[in-house]
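Undergrad: let me see the structure of the following:
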Amino acid sequence: NQLGLKSPWQSKDYMAAMRKYSGVKVMQIIGEIRYCDAKSKGVGNPSLEDGDLLRELVYKILH
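TA: Residues are numbered from 1 along each chain as shown. Modelled structure (predicted):
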């Protein structure tokens, strides 16, 4: 198929994700991942621990 999915269960998971996350939300999530990646490398973040960054990222993805 066009998505490159190999089995029917993959398409079910894909469709469920499409219902949960809009294209705009996905782009926001990707932006947050990139932002947290930069922070984890010390850009504008001298003191946050990786665990704190992860908690912040998960919160932003889920809310």
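Undergrad: quick one: the helix or strand harbouring Ala16 to chain centroid distance?
TA: Assigned by DSSP states H and E, Ala16 falls within helix 8-20. Relative to the centre of its chain, helix 8-20 is centred 16 Å away, using C-alpha atoms, centre = their mean, to the nearest Å.
Undergrad: any idea of the angle the longest helix along the chain forms with helix 8-20?
TA: For the chain, the longest helix by residue count, based on DSSP state H, is helix 23-40. Orientation of helix 23-40 against helix 8-20 (axes from the mean of the first three to the mean of the last three C-alpha atoms, to 10 degrees) gives an angle of 90 degrees.
Undergrad: what does helix 23-40 rub up against?
TA: 21, 44-45, 48, 50, 53-54, 56-57, 60-61 (C-beta atoms under 8 Å, 6 or more residues apart in numbering). Quick note: C-beta positions are derived from backbone N, CA and C, even for glycine.
Undergrad: make a PyMOL selection of the buried ones in those.
TA: The PyMOL command for the buried members of those (criterion: 16 or more other C-beta atoms under 10 Å) is given here:
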select buried, resi 53+57
